[in-house]
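Q: sequence and predicted structure, then a few things I'm wondering about:
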Amino acid sequence: MANTTFLYFPGCKITPFLPRYDRATRAVLGHFDIRLDHTELTCCGYPVRDRSMAASVLAAARNLAIADQKGLPLLTPCQCCYGNLKQAAYWLNENSRLRRIVNGQLAEEGLRWRPQIPIRHLLTVLTEDVGIDRIRQRAIRPLDGQPIAAHYGCHALRPGHVVQLDNPLAPTIFENLLTAIGATPVDWSLRLDCCGHPVSERNPNLSRKLMTVKLEDAREAGAQCVATACTYCQMQFATAHTLNQEAGCAPLTARLISHLLEEALGLTDPDVDYQ
Amino acid sequence: MFMSSVASIALGICLTGILWRIGRWFRSRIGPERAKSSPVSRLAAVARALFGLCFRAQALKLLAAFLWDILFQGRLLRQSRLRWLGHMAVCYGFLLLILIHALDDWTAPYLFSDYAPTMDPFRWWRNGLALLVLGGVLGMLIGRRRRAAGIHTRSWGDRLAVALMAVIVLSGVMLESAQILSPTIFADMVEDYMGADDPAEVAALQRYWAAEFGAVPIPSLGGAMDDDTEAGQAAHEAYCASCHSRPQSAFLSYPASRLLKPAAGWMDTYRVDDWLWVIHYLASCLALAILPFSQFFHLVATPVNLMAQATGPVTSGAPVLRATRRALGMDACTHCGVCTTHCSVAPIYRVIPNTDILPSAKLNGVKRLATRRLSASQTKTLAEGSAICTLCGRCTRVCPSGIDLQDLWQASREDLTASRVAILDVREAFRPGGAAPSLPPPGLAGSPPASLGLTDRPEVFWACVQCTTCTSVCPVVAASDDPQGDLDLTPQQIMNLMRLQLKEQALGCRMLWDCVTCYKCQEHCPQDVKVADILYELRNAAYQGVMPPQPMAADNH
């Protein structure tokens, strides 16, 4: 392994809304001797991209420049953060005027964006740095063939040539990971579709519809739960739990990849119901 | 007599003001629970909660908060050791000055058996405490200047309060040095304590003071003989020494009096010491009177808020308590700016120059929202700042006053959404019958780099052959039974508008604002048209039409 220390980029939403994702991610990475640097970082720029591309790129570039200054690759467990950091790096590379302006502003803080900073998502670190085989060997409590639907999330997957997570039309990275911890990934037609979160404030009805259609598809494919690797997707699916209860049907829960790993690696107490 | 009535009036204003501000905690409305409770029922709820606390283990938590957060100011220590030192110096320095100096007539008989303001250690303490306060204020001002990075949120009342503190301390030091130099005061004291009848003995005493202590300078200090010195020393020991220490022990005022010595005669003629006393006294009264109307109100609100916060976050309490807790929290703000230095979205302020993005400034807007004093344009900027906040909660974790800021942002966001007026509904502005704001001209030199210029460059979308792939993979289109009716335009139709250079016509269509940014259109486009990026840029353009950006300075490399 070339790098075992990463600059940890949890993003804004994890600490207040999904603190257990944060703890589980750190526990799993720590289990494989991956060290995390916890320097205070700022917003990745994703939430402001609708409003201003320049603001979004500056926000992302500031974090990338800090990673560069520390000489550490950046790791995030959020797919929207990952996608936006990659987008920013892509456009900074493409557009010299944008680069000039952003670097001019970063210079006020003594920072500078340079193209070579690696940006990594939790899924790629687990697959490439830790390794599927090592995860399989250490999975002392495998998930007994539990049928799980891998939800890819959009911003880490597309546009493929910008974010470079996996093949954007036929990705396998998530399913490989699920297989390694003993789950059975189900084949479902909407696995690459949106969870609905981006329009949850602007058009709640549409947002809910996209989510329920998607979850229904996973259920029909035989999944017992949906696996996520993104803060926003998980927050969105968490709202389905109440919806399901209101409708009186069995809840199809969404579980974060770190929680599934934590369980399979034996890092949790099997008698405690963490959900 | 006049002076003591001024003090009484100041005290009256102070107490009335404090009650009025506390009353506002029960009237201010913020958060979704607001419609349900009257000020009286809110007051009753607080009383019930306080009564209930006495019988729970939480009382211990409150005691811990009182000791650690309030007396020791531990939250501040966690932020910065230097600021903690400065604040402790000002806080305890001033408190002790008030206790043993300003209120000495009342407190001294209980505290000390041998109190005299002219005696050590009391005079030495007074100078020491003044130095502590001055050093603390100076240190905090420098620290704040460095931290605030050009963003000042303090009102005139706050500035006046800090200025008054400096005036009080400096006029006190000057007053004492004027007294050291004053022959008139010397004469008065001789009369009071010596019962002077022998001019030669008085003259000897004055010469002794001038020679030994450099005090009370005499214009013609000649011909002092040995026996004269002895007589002076004898008089000093008989009448002065028992209740007057050497002036040198006033280690701030004495050096100051050395500087003023050349002007001693003039100062005595015009009784500058009396004037300084009036200034010192009136400044203290004024500071007391404006306490409830300035930053100094945090002396009341911050400790109360820290105790309230020790019972848990705002939303952990009963709904009827929340609006009150929020109002209390807003009053506890000292405008220290720590929240802004840790704010996740603060860097965005450099591109979108709306101060309401920064928590320290946004709090003022939320305060005005709670008391219904927000103008239409202020509402617009607050709504933008509120929308940009990611609710990461870092401001809450670092706030030295223990304000549950994250809850305030969430509550005010819900209020802004509920009162439709406040919503920055960009889409509606561009729909038929909307305000239809004009867009900034594309690609001007010096204009903000708000866009990548995708929508203004024909080569970006001229490859589009209207094959409808983007529309057929779009999950938003798929979710609708009647796309034309629900969405106005499909993605491929928007691309066609781009080809026709009719960008403005796309800004109000529902497809643009229902886009979930999943990038399927762009990924599947056989012609490599950046469909999703173009939709993003169109939304950027609409936002800029509604909130026109200001030119940025950094485009000069």
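A: Yes, it's here. Residues are numbered from 1 along each chain as shown, chains lettered A, B, ... in the order given.

Q: any regions of the chain where pLDDT drops low?
A: Just so you know, I chose chain A. Along chain A, segments meeting pLDDT under 70 span A:1-3, A:242-251, A:272-275.

Q: not what I meant, chain B
A: In chain B, residues with pLDDT under 70: B:34-36, B:147-154, B:196, B:218-226, B:419-424, B:440-451, B:549-557.

Q: spell out the secondary structure type for the residue most central in space within it.
A: Among the residues of chain B, the one closest to the centroid is B:H335, at 1.6 Å (C-alpha atoms, centre = their mean). Secondary structure, DSSP: H, G, I helix; E, B strand; the rest coil: B:H335 is coil.

Q: which residues does A:Y8 bridge with?
A: For A:Y8, the beta-bridge partners are A:L75 (DSSP bridges).

Q: that one reaches A:R35, doesn't it?
A: No. Taking contacts as C-beta atoms under 8 Å, A:Y8 lies outside contact range of A:R35: 9.3 Å. C-beta coordinates here come from the backbone N, C-alpha and C atoms, glycine included.

Q: between these two, which is the more surrounded one?
A: Between A:Y8 and A:R35, counting by other C-beta atoms under 10 Å in any protein chain shown, A:Y8 is the more crowded of the two (21 against 12).

Q: contacting residues for that one?
A: Contacts for A:Y8 (C-beta atoms under 8 Å, 6 or more residues apart in numbering or on different chains) come out as A:R26, A:L36, A:D37, A:H38, A:L75, A:T76.

Q: so how far is chain B from it?
A: Using C-beta to the nearest C-beta, to the nearest Å, we find A:Y8 at a distance of 15 Å from chain B.

Q: distance of the residue nearest to the centre of chain B from B:I357?
A: For B:H335, the distance to B:I357 equals 17 Å [C-beta to C-beta, to the nearest Å].

Q: next one: B:S182
A: Distance of B:S182 to B:I357, given as C-beta to C-beta: 56 Å.

Q: ok, now B:L507?
A: Distance of B:L507 to B:I357, given as C-beta to C-beta: 24 Å.

Q: got it, and A:H31?
A: A:H31 sits 39 Å away from B:I357, going by C-beta to C-beta.

Q: out of these two, which sits in the busier spot?
A: Comparing A:H31 with B:I357 by other C-beta under 10 Å, the one with more neighbours is B:I357, at 27 against 16.

Q: got the end-to-end distance for stretch B:391-407?
A: Using C-alpha to C-alpha, to the nearest Å, the span of stretch B:391-407 from its first residue to its last is 9 Å.

Q: what's next to stretch A:203-215, contact-wise?
A: By C-beta under 8 Å, 6+ apart, the list of residues contacting stretch A:203-215 reads A:151, A:190, A:193-200, A:226, A:236-237, A:239-240, A:243, A:252, B:475-476, B:479, B:513-514, B:516.

Q: strands - which of those land there?
A: Counting by DSSP state E, the part of these found in strands is A:V226.

Q: report the buried members of the contacts of stretch A:203-215.
A: Neighbour-count burial (16 or more other C-beta atoms under 10 Å in any protein chain shown) applied to the contacts of stretch A:203-215 gives A:151, A:190, A:193-200, A:226, A:236-237, A:239-240, A:252, B:475-476, B:479, B:513-514, B:516.

Q: interface residues of the stretch 101-250 of chain A facing chain B?
A: Residues of the stretch 101-250 of chain A found near chain B (C-beta under 8 Å from any C-beta of the partner chain) are A:101, A:103-105, A:154-155, A:157-160, A:168-169, A:192-194, A:196, A:198-199, A:202-203, A:206, A:209-210, A:213.

Q: so how far is the host helix or strand of A:R208 off the chain centroid?
A: In this assignment (DSSP states H and E), A:R208 forms part of helix A:204-220. Relative to its chain's centre, helix A:204-220 lies at 20 Å (C-alpha atoms, centre = their mean, to the nearest Å).

Q: count residues in the vicinity of B:V314, would you?
A: 25.

Q: hmm, I typed the wrong one, I wanted A:P118.
A: A:P118 sits with 16 neighbouring residues when counted by other C-beta under 10 Å.

Q: once you drop chain neighbours, what's closest to A:T253?
A: Once flanking residues are discounted, A:T253 sits nearest to A:C225: 5.0 Å by C-beta to C-beta, 6 or more residues apart in numbering or on different chains.

Q: surely that neighbour touches A:L143?
A: No. Using C-beta under 8 Å, A:C225 makes no contact with A:L143, being 10.0 Å away.

Q: okay, the helix holding A:R208 in CSV with CA atoms only?
A: This file holds the C-alpha atoms of helix A:204-220, laid out as CSV (Å, rounded to 0.1, in the frame of the first residue of the first chain):
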residue,chain,number,x,y,z
PRO,A,204,-40.8,17.2,-2.0
ASN,A,205,-43.5,15.2,-3.9
LEU,A,206,-41.1,14.4,-6.8
SER,A,207,-38.4,13.6,-4.3
ARG,A,208,-40.6,11.2,-2.5
LYS,A,209,-41.8,9.6,-5.7
LEU,A,210,-38.3,8.9,-7.0
MET,A,211,-37.4,7.4,-3.7
THR,A,212,-40.4,5.1,-3.3
VAL,A,213,-40.2,3.9,-6.9
LYS,A,214,-36.6,3.0,-6.3
LEU,A,215,-37.1,1.3,-3.0
GLU,A,216,-40.1,-0.7,-4.5
ASP,A,217,-37.8,-1.8,-7.3
ALA,A,218,-35.2,-3.1,-4.8
ARG,A,219,-37.9,-4.9,-2.8
GLU,A,220,-39.3,-6.6,-5.9
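
Q: contacting residues for the closest residue to B:V167 other than its chain neighbours?
A: Among residues not flanking B:V167 along the chain, B:A283 sits closest, at 4.6 Å (C-beta to C-beta, 6+ apart). B:A283 makes contact with B:L164, B:V167, B:I168, B:S171, according to C-beta under 8 Å, 6+ apart.

Q: closest to B:C399 among those residues?
A: Using C-beta to C-beta, B:L164 is the member of those that lies nearest B:C399, at 25.9 Å.

Q: check which helix or strand covers the closest one.
A: Using DSSP H and E, B:L164 sits within helix B:156-181.

Q: again, but for A:A61
A: Per DSSP H and E: A:A61 is located in helix A:53-70.

Q: elements contacting that helix?
A: strand A:5-8, strand A:74-76, helix A:79-94, helix A:96-107, helix B:531-546 (3 or more C-beta pairs under 8 Å, 6 or more residues apart in numbering or on different chains; DSSP states H and E).

Q: C-alpha coordinates for that helix, CSV please?
A: What follows is helix A:53-70, C-alpha atoms only, in CSV (Å, rounded to 0.1, in the frame of the first residue of the first chain):
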residue,chain,number,x,y,z
MET,A,53,-20.3,27.4,-9.9
ALA,A,54,-17.5,29.8,-8.9
ALA,A,55,-18.4,29.6,-5.3
SER,A,56,-18.7,25.8,-5.5
VAL,A,57,-15.2,25.4,-7.1
LEU,A,58,-13.6,27.8,-4.7
ALA,A,59,-15.1,25.9,-1.7
ALA,A,60,-13.8,22.6,-3.1
ALA,A,61,-10.4,24.0,-4.1
ARG,A,62,-9.8,25.3,-0.6
ASN,A,63,-10.0,21.8,0.8
LEU,A,64,-7.9,20.3,-2.0
ALA,A,65,-5.3,22.9,-1.5
ILE,A,66,-5.1,22.0,2.2
ALA,A,67,-4.7,18.4,1.3
ASP,A,68,-1.9,19.4,-1.1
GLN,A,69,-0.2,21.5,1.6
LYS,A,70,-0.3,18.5,4.0
